[in-house]
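K.L.:
pasting the structure only:
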């Protein structure tokens with residue numbers, strides 16, 4: 001059994017021998033207003049691994065966009081994708097991938113897709129949720145007792161809709177038995193490379209990423225980029241609290257509310273922060289907001305007043321006082337220095 005099979009934690013599903021030599025076949029379900037980047041990255045890794053060079057013939061890999069109606073599916077960018085075939089036998093694929101996007105505009109997948117995914121699960125076909133595709137797998141009742149990955153940007157949305165789950169937001173993808181979930185964006189390329197490595201070969205996976213100008217394949221445990229943090233710790237509770245802080249920079253929430261979301265007491269959160277970072281949650285939150293303000297002042301042309309609002313300060317004067325105490329200069333001085341260097 002390979003390392004990948006041990007990671008999956010289940011008996012490997014027998015991959016059907018195909019007369020045309022294909023080793024990996026993936027079916028895609030695109031939700032309305034899906035994220036084009038996540039879908040394109042995934043498909044391009046398969047495309048480049050499937051043939052010699054950049055010829056794009058589906059020799060070693062096959063990819064198919066599935067549909068109930070065969071209507072074109074609009075992405076969040078407005079570009080539409082036309083399906084290849086109707087929903088049929090899911091066992092013809094090695095994986096079924098649900099690619100999500102703007103979750104508020106697609107309340108559910110619909111009965112036909114839910115039935116199809118349930119049938120795929122019953123047949124032992126591994127299911128993959130990309131971006132908010134994870135939301136839809138859960139809505140279909142297919143993530144019970146599974147760990148799942150969501151983007152740090154959608155973490156709060158997931159908690160609001162599914163209070164019984166504890167999603168992972170500090171990895172680029174999570175493999176848990178016959179469910180794989182991915183934060184989306186560029187991480188979908190790394191997930192696709194993981195599958196190509198497993199079924200086709202490491203050389204083909206590396207070739208795909210290199211042609212796409214991605215240096216190396218990243219494992220699922222690699223943390224999501226999010227907003228750069230100077231505060232680093234291995235304490236999982238503190239990391240999750242920091243993530244919530246990142247997601248609420250413009251509207252700071254209390255430590256009590258953070259504790260409630262994490263299912264712990266305020267005192268427990270404060271104790272973990274003191275042991276892990278030798279600071280309080282309040283001080284850590286202020287550091288995050290000021291670090292983001294520093295980034296905005298240096299790299300954007302937003303007014304200082306707008307930066308203050310974006311970072312949860314009541315006005316530019318409030319920001320300037322805290323900023324100078326943290327960095328030894330005001331936002332205006334930093335902005336002028338950045339303009340001179342530019």
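P.N.:
That came in fine, so what should we check first? These figures come from a predicted structure and were not determined experimentally.

K.L.:
biggest helix in this protein, by residue count?
P.N.:
Among the segments of the chain that qualify as a helix by DSSP state H, the longest is helix 281-299.

K.L.:
any idea whether residue 57 is helix, strand or coil?
P.N.:
The three-state label given to residue 57 by DSSP: H, G, I helix; E, B strand; the rest coil is coil.

K.L.:
Quick check: closest non-adjacent residue to residue 118.
P.N.:
residue 140 (6.6 Å; C-beta to C-beta, 6 or more residues apart in numbering). No exception for glycine: its C-beta is placed from N, CA and C like everyone else's.

K.L.:
Contact partners for that neighbour?
P.N.:
With contact set as C-beta atoms under 8 Å, 6 or more residues apart in numbering, residue 140 has these partners: 109, 113-114, 117-118.

K.L.:
where does the stretch 51-200 of the chain dip in pLDDT?
P.N.:
The stretch 51-200 of the chain contains residues with pLDDT under 70 at 103-107, 151-170.

K.L.:
Okay, helices next: where are they in it?
P.N.:
Chain-ordered helices for the stretch 51-200 of the chain, with DSSP state H, counting those that start in this stretch as the definition, fall at 111-122, 133-139, 155-161, 187-199.

K.L.:
how about those helices in CSV, adding mean neighbour count?
P.N.:
Putting these into CSV (neighbours: other C-beta atoms under 10 Å) gives the following:
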stretch, mean neighbour count
helix 111-122, 17
helix 133-139, 25
helix 155-161, 17
helix 187-199, 25
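
K.L.:
Tell me which of those lies nearest to residue 249.
P.N.:
Smallest distance to residue 249 across those (C-beta to C-beta): 12.2 Å, for helix 155-161.

K.L.:
picking up where we left off before, could you check how far the residue nearest to residue 118 is from residue 127?
P.N.:
9 Å (C-beta to C-beta, to the nearest Å).

K.L.:
Residue 148 now?
P.N.:
Remark: distance between residue 148 and residue 127 (C-beta to C-beta) = 11 Å.

K.L.:
what angle separates the host helix or strand of residue 207 from helix 187-199?
P.N.:
Per DSSP states H and E: residue 207 is located in helix 202-211. Relative orientation of helix 202-211 versus helix 187-199 (axes from the mean of the first three to the mean of the last three C-alpha atoms, to 10 degrees): 160 degrees.

K.L.:
helices or strands up against helix 202-211?
P.N.:
helix 36-49, helix 187-199 (3 or more C-beta pairs under 8 Å, 6 or more residues apart in numbering; DSSP states H and E).

K.L.:
And the contacts of it?
P.N.:
Contacts for helix 202-211 (C-beta under 8 Å, 6+ apart): 44-49, 54, 60, 189-190, 192-194, 196-197, 215-217.

K.L.:
buried ones in it?
P.N.:
Of the residues in helix 202-211, 204-209 count as buried by neighbour count, 16 or more other C-beta atoms under 10 Å.

K.L.:
pLDDT added to those, as JSON lines?
P.N.:
As requested, these are exported to JSON lines (pLDDT from 0 to 100):
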{"residue": "204", "pLDDT": "91"}
{"residue": "205", "pLDDT": "90"}
{"residue": "206", "pLDDT": "90"}
{"residue": "207", "pLDDT": "89"}
{"residue": "208", "pLDDT": "90"}
{"residue": "209", "pLDDT": "86"}
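
K.L.:
returning to that earlier point: and the helices and strands packed on helix 202-211 as CSV, adding distance to residue 329?
P.N.:
Shown next, in CSV, are the helices and strands packed on helix 202-211 (distance: least, C-beta to C-beta, whole Å):
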stretch, distance to residue 329
helix 36-49, 37
helix 187-199, 36
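
K.L.:
Could you point out which of those sits nearest residue 338?
P.N.:
Short answer: helix 36-49, nearest of those by C-beta to C-beta, at 29.2 Å.

K.L.:
and that closest one with helix 202-211, angle?
P.N.:
In terms of direction (the same axes, to 10 degrees), helix 36-49 departs from helix 202-211 by 130 degrees.

K.L.:
Please tell me how far helix 36-49 is from the chain's geometric centre.
P.N.:
Put simply, helix 36-49 sits 15 Å off its chain's centre (C-alpha atoms, centre = their mean, to the nearest Å).

K.L.:
Quick check: neighbours shared by residue 148 and residue 127?
P.N.:
Taking C-beta under 8 Å, 6+ apart as the contact rule, residue 148 and residue 127 both touch 137, 179.

K.L.:
before we move on, the earlier item: which pair of the buried residues of helix 202-211 spans the longest distance?
P.N.:
Taking C-beta to C-beta, no two of the buried residues of helix 202-211 sit farther apart than 204 and 209, at 10.0 Å.

K.L.:
Geometrically speaking, which residue is the centre of the protein?
P.N.:
residue 183 (1.2 Å; C-alpha atoms, centre = their mean).

K.L.:
Is it correct that it is in contact with residue 150?
P.N.:
Yes: between residue 183 and residue 150 there is a contact under C-beta atoms under 8 Å: 6.5 Å.
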